[in-house]
Every structure is written in C-alpha cells, then in structure tokens.
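Engineer: Whatever this is, show me its structure:
(chains A and B)
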Amino acid sequence: MPTLAEASDNTSRPAILDKVKPVDMPRRPLVLNDRSYNWVTEKVCGIVEGKTPTWWWISFAIAGGMASFTLMGLIYLVSAGVGVWGLANPVNWGWAIVNFVFWIGIGHAGTLISAVLCLLKQRWRTSINRTAEAMTIFAVVCAGIFPLFHVGRVWFAWWLFPLPNSNWIWPNFRSPLEWDVFAVSTYGTVSVLFWYMGMIPDLGTLRDRAKSAWRRVFYGTLAMGWRNSSRHWHNYEMAYLLLAGISTPLVLSVHTIVSFDFAASVLPGWHTTIFPPYFVAGAIFSGFGMVLTLILPLRAVYGLHDLVNQYHIDAMCKIVLATGSMVGYAYMMEFFIAWYGANPYEGFAFINRAFGQYAWAYWIMISCNVICPQLFWFKKIRGNIGLVWIISIFVNVGMWFERFVITVSSLANDFLPSSWGYYSPTIVDIFTFFGTFGVFSVLFLLFLRFLPLIAFSEVKALSMPQADPHNHDHPQNRNPKGDH
Amino acid sequence: MPATDNNTFGIAATFRTAPDVYHACEKVRDAGYTRWDSYTPFPIHGIHHAMGLKRSKVPIFTFLGGVTGFLTGLSIVAYMNFNYPLIVGGKPYFSPVFPFPIFYELTILLAAFGTLGGMFILNRLPRHHHPLFDYEPFLKTSDDTFMIVIESTDPTFNEDKVRAVLGEAGGEDISIIQAED
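Structural biologist: Numbering: from 1, shown residues only, chains lettered A, B, ... in the order given. Got it, this is the predicted structure:
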C-alpha cells in the first residue's frame, strides 16, 4: 500500500492516478496535537510512576467498602444456604443467572476491541484496548462468582470440572451448563493471556524507566526480559495476530454457549434459535456501554484527550448504535416468530413480557436498549461527552433488565397457570450484586495504579503517522543531516 | 587493526526516526551480516523485509496447541462417558456432536497457550540478563530511540568495517557493547 506521502511523489506515482484524479481525503488524526513518541511514553508511564492521587485512595476505599457487601452476602449464603436468595418455585434462576449473564456480556466488548477490531485493522482500537481488556477480565471475575455460589455447596464446585472424585462420576457433557464451564474458563484464561502478551513491551518500558529496585524487579519479572528486538517483534506480531484470530471465534462461542443455557431448554421464550446471535450482539452492546462509562472519566482525570479523542468516542458510539439496533431488531423478530410460529405458549410468553406482571421491566429494557442509543445518530449528541456518559449508563441498566426479563418472565409464567409465581430478590441478592461493582472497581483501580492503561507501543506503531517507515515528510522524521 | 577482544558483544548505532532505521536495516542486510538485530520502541511495519527475516514460525506452535486441545477434549469425553456411562435423555454414550463445545473450547485454550509459549520459545525469552541492558542508551529504545546492533559472533565481523557500515547507514553514537563476564 503506498502511503499518502508516496502517492504525492511524482516518481512513484502510478500513471492511472493522473487520469482518475482521486480526491485527497486525509484521515482524521488518531493522536491529536502531533505528539512525539516520548510524550506518549511520559504520559502513560507517568500515571503509573507518579504519586498516588488522593482521588484514587478515596475511590479505593469506597470500592473496598462496596466489595465487602459481596463478601458478606456470600458468607451469609454459604452459612445459611441458597434459600437466602429470592429463589423459589417456579423461579429457581433469579438474579444469580441474570448477574452472571450481565457481567459476562460486559466482558465481550474487551475481546471485540482487542481481537475483532485488530483483524479488521481498526487503528483507533489501540488507545482503548488495554483498558477494555482489563474490563473483560474483571467482569469475568465478577460473573464467575454467581454460578459458583449458585451451585449451593460451593465447596463441591470443583465437581464441575472433569476431575476424579470419590463418587467416580464424571460431568454430564451433554448439558449446556457444562459447556459453559469450559467456555467461561477458557474465555477468562485466554483473555488474561492476550492481555498479558499485549502488555509485555509496555512493561519492558516501565522496567527500563524504573528508578527504584522493587519496580525494576516487579516490572522486570513481568516483562520477561523483553528488549524490543525486531526479530522478537516479528514473532510477537505473528503471535498477536494469531491470538486475535483465535479469540474471535472464542468470543462468539462464549455468549453463544451462554445463550444455549436458555435456548436448549423447552421453556417458551427461551427455546428459540435467534438466541446465539442476539446474545452476542447484546453482549457487545453492553460491553461498549461499559467501556464508555469507564473511559470517559479516565480521560478527564488523567488528561488523555490527545490519545482518546472525539474520533474514538464517535467510533464507540456508532458501535453502540449498531449493536443496539441489532438488539432492537431481535426483540421485534422474537415477537414476529412467536406469532408466525403459531405456538400458543410462545405467543403468550411474549405478550406476557410486554404486558404481564413484569411489563415494567420490559419497558425499562426497551427504552434503555432500543430508544436511547438511537440518539447516537446525531453528531451533536456524540460530541456531548456528559450526555454520552449518561446514555452509556442507560445501556448498562437496560442490558441488565434484558437478562432479567428473559430469565424471570419465562420462568414465572410458563405452561401451567397453577404453578405461576412472582419472583422478587431478597436483600442478600441485592447486596451481593451491588458488591460486585465494588469488586470490579477495586480490581480496576489496582490496574490503573500499577499497569500501563494504554497500550502505548501499539499507539506509537499504529496511531502515529511518524511511525510509518516511508513517511519521510513528517516533521518529526526530517533528518537534521538532510540526507532524506 | 584495533583488536575486538572476546569480551565484545557487538557494536551499536543509534537512529532517531523510524524511516532512518528502516533504511539502515536494508543497508546492513545488503552488507551480508547475519548475526545482527534492530531495536525499536514499537514494531515497524515491514521492517522484517528490510532485515531479510523469514516468516515467523509461531503458527506451528499454535497449530500443535490446537490439535492437542482438540484431541484432549475428544479423549476426556470419550473416556469419561464409557468409564462411567451416564444415561441422559436416551442419548448415545459418545457422539462427536453433543460434546463439540468441549472440543472447541479446549482447541482454543491450548492454541492460545501454544501461541504465547511459541512466541517465548522462538524469542528465547524469558532472559532477564542481556549485555544490551548494561548499555545505558539502549534503555531509550523502549521509549523513542532506534538502534542497530551487529554482534561479534557474526562470521564476517570486523570492527572497522562494522563501524563503517553503520556510519554510512546514518547511525550515530557508534559504540562497542561489552559482553557479560
């Protein structure tokens, strides 16, 4: 691919270009104010190397306090039994599964940004992929808590894995719940590997800049002796591309299998083939909502406006808009198929969702997931950071309600009216879920404090025009000796 | 000829921009050196062509990992279903269909480990001590400086010639790097 600089050079210019006269459309810069490599290094490393800001300690204390709610909730649950949650016939999958799907869905945007957008050569991803991948991992941690404790006797949770036990019974591999064990644990592990490998060069930079001995040892150990050799980069880039390539089918499979937990059952409203793509789109939608919720305050607090600029926010808003519309389409299609399929139970399940006892939740879901993101059609709204942030919160809320509506409304009103019921969470449910936001924030704050929150070696390579080895015209590439 | 004793690791030259180091790599490659490397704060697009590197072998490790994962999944499910037959829903003890998600996830899991492990093996990492780390200006290559080092183990290594090649390629601060004792 010839670069712009080469194309404007008459000696290398193909003759056809003179005939067709292509329009010169410069790309929007990804790093504003024409920053130097060193500026990027200083900016990102400075966050980790500087003094711990007061707001960090305050947030950390609040987050720790919140996390203790999960801890207390779980201690109470383990000592008393799962009955302390609001689970009762006919709804035996309550907030636990709702929260699990909610958190695991949030994680999907991180993998989408790091893997799918890498394969699609979306350069803007470099400014946000590290943060988004961290979000993925911490979201998977929060997600894992719920099924783990939902098994009731958590000390037997290891029976989920195919390990020899004294009963000499193996797991049932026909069950989507068992597939979930493999899918989620693989997802968590591969996300950590991908995140870590992407971080090795940046950890090397932190090691090289380290002033104190403990920093040199800490970052040095993690950096594995990385020395920025081009021969190493060559293998590294291939490995990165391959990890992106294998994470893409992984991320699609994880939420597909999560949707199988529902779709492989016989319950009206769950037993539909649209679930896998619909769940994946919803996961990406909620994940990008969360990325926006996190990245906008970070950008303000650390002054990262040159690295995460309006271009990035526009791109993320457009993905929220696209996936939000897909989710809206899926809601409509479910209704259509329920009518077209002519199954009275299926038809009832959907009418009941919209107008039954959980109609309030359904309409919260519709307004947050379908109506709200449509505002992102307008450039003015995408440019209003405060409004974007508020909409991103609505997206998070809406997607939690989506899982609530799917899980609870189908279980509460199934085939036999005599077994219907109404599900409400208990205070233990609420505390445990509330606390996971604390768990997430504690982990995220530790990440901000100790690890580079922007993949700056990738930013330098892909988002900065002077990194192009053929871009001799860039002011920062003009050789003082003048031999180019 | 100034003797480069056995204690020399190589000779380093510094470059200021990505295009400079890219073209310098082409010159070093054309001069016929084999034991040399360039050090850049980020992967420079296409520099492996300028250095004459072959395609990376990481995919072999990914493939081996993936195959191992697939076969592991296949064998654990097959073994466990015959070892203690669970009759669920009248389905067969073994079929490649129902446990496919297990094979799929394990293929991905071990392919990912293979990829990361392959990258480390091919790069001979982790290696926490290297003569380059003792050369102060080298530490800037993880920030904004570019460097080429021609190693003394190269069959055609000759200090004067190496200095000349690096100087001609536009390198600055050409200096000898001591090997570890």
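
Engineer: any low-confidence regions in chain B?
Structural biologist: B:1-6, B:181 (pLDDT under 70).

Engineer: Helices of that one, start to end?
Structural biologist: Secondary structure of chain B by DSSP state H: the helices cover B:18-30, B:47-51, B:58-83, B:100-122, B:159-168.

Engineer: so which of those comes closest to residue B:143?
Structural biologist: Closest of the helices of chain B to residue B:143 is helix B:18-30, at 13.6 Å (criterion: Cβ to Cβ). (C-beta placed from N, C-alpha, C; glycine too.)

Engineer: Now do the same contact list for the spatially most central residue of chain B.
Structural biologist: By Cα atoms, centre = their mean, chain B has its centre lying nearest to residue B:123, at 3.6 Å. Counting by Cβ atoms under 8 Å, 6 or more residues apart in numbering or on different chains, residue B:123 touches A:229, A:231-232, A:235-236.

Engineer: I'd guessed residue A:291 sits against residue A:129; true?
Structural biologist: No. The criterion here is Cβ atoms under 8 Å, and residue A:291 misses it with residue A:129 at 9.9 Å.

Engineer: Are there residues contacting both of these two? Which ones?
Structural biologist: Between them, residue A:291 and residue A:129 share these contacting residues under Cβ under 8 Å, 6+ apart: A:110, A:113.

Engineer: Name the member of the contacts of residue B:123 that has the highest neighbour count.
Structural biologist: Comparing the contacts of residue B:123 by number of neighbours (other Cβ atoms under 10 Å in any protein chain shown), residue A:236 comes first, having 27 neighbours.

Engineer: residue with max distance from the center of chain B?
Structural biologist: residue B:90 (51.2 Å).

Engineer: Would you check how far apart that one and residue A:439 are?
Structural biologist: Applying Cβ to Cβ, to the nearest Å, the value for residue B:90 to residue A:439 is 42 Å.

Engineer: which regions of chain A sit below the pLDDT cut-off?
Structural biologist: For chain A (pLDDT under 70), the answer is A:1-13, A:479-484.

Engineer: And for residue B:151, nearest residue in space, chain neighbours not counted?
Structural biologist: Residue nearest to residue B:151 in three dimensions, not counting chain neighbours: residue B:10, with 3.9 Å by Cβ to Cβ, 6 or more residues apart in numbering or on different chains.

Engineer: my guess is the one you found contacts residue B:28, does it?
Structural biologist: No. Using Cβ under 8 Å as the test, residue B:10 is too far from residue B:28 to be in contact (11.9 Å).

Engineer: Please list all residues in contact with residue A:428.
Structural biologist: Applying Cβ under 8 Å, 6+ apart, the residues near residue A:428 are A:73, A:76-77, A:84-85.

Engineer: Between all of these, which two are at the greatest distance?
Structural biologist: Within the contacts of residue A:428, A:76 and A:85 form the most distant pair, 10.1 Å apart (Cβ to Cβ).

Engineer: With neighbour numbers in mind, choose between the two.
Structural biologist: Between residue A:76 and residue A:85, residue A:85 has the larger neighbour count (other Cβ under 10 Å), namely 21 against 15.

Engineer: just checking, the more buried one touches residue A:425?
Structural biologist: Yes. Using Cβ under 8 Å, residue A:85 is in contact with residue A:425, at 7.4 Å.

Engineer: got any residues that touch both of these two?
Structural biologist: By Cβ under 8 Å, 6+ apart, the residues touching both residue A:85 and residue A:425 are A:94-95.

Engineer: filter the contacts of residue B:123 down to the ones near chain B?
Structural biologist: A:229, A:231-232, A:235-236 (Cβ under 8 Å from any Cβ of the partner chain).

Engineer: could I get the residues you listed as CSV with secondary structure?
Structural biologist: Below are those laid out as CSV (DSSP: H, G, I helix; E, B strand; the rest coil):
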residue, secondary structure
A:229, strand
A:231, helix
A:232, helix
A:235, helix
A:236, helix
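
Engineer: where do the helices sit along the stretch 201-350 of chain A?
Structural biologist: With helices called from DSSP state H, counting those that start in this stretch, the stretch 201-350 of chain A shows them at A:213-223, A:230-263, A:275-302, A:310-340, A:344-355.

Engineer: Can you add distance to residue B:149 and give those helices back as CSV?
Structural biologist: Formatted as CSV, these follow (distance: least, Cβ to Cβ, whole Å):
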stretch, distance to residue B:149
helix A:213-223, 19
helix A:230-263, 11
helix A:275-302, 35
helix A:310-340, 37
helix A:344-355, 66
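
Engineer: Of the ones you listed, which is nearest residue A:96?
Structural biologist: Per Cβ to Cβ, nearest to residue A:96 of these: helix A:230-263, 12.0 Å.

Engineer: how big is the angle separating the closest one from helix B:100-122?
Structural biologist: Note on geometry: by axes from the mean of the first three to the mean of the last three Cα atoms, to 10 degrees, helix A:230-263 and helix B:100-122 are set 170 degrees apart in direction.

Engineer: and helix A:230-263, what does it pack onto?
Structural biologist: Under the contact definition 3 or more Cβ pairs under 8 Å, 6 or more residues apart in numbering or on different chains; DSSP states H and E, helix A:230-263 sits against helix A:95-111, helix A:117-119, helix A:176-209, helix A:275-302, strand B:36-39, helix B:47-51, helix B:58-83, helix B:100-122.

Engineer: so which of those is the most packed in?
Structural biologist: helix A:95-111 (a mean of 27; mean count of other Cβ atoms under 10 Å in any protein chain shown).

Engineer: and it with chain B, contact?
Structural biologist: No. Counting by Cβ under 8 Å from any Cβ, chain B is not contacted by helix A:95-111; separation bottoms out at 11.7 Å.

Engineer: Please apply the same query to stretch A:145-162.
Structural biologist: Yes. Judged by Cβ under 8 Å from any Cβ, stretch A:145-162 comes into contact with chain B through residue A:162.

Engineer: This completes my enquiry, with thanks.
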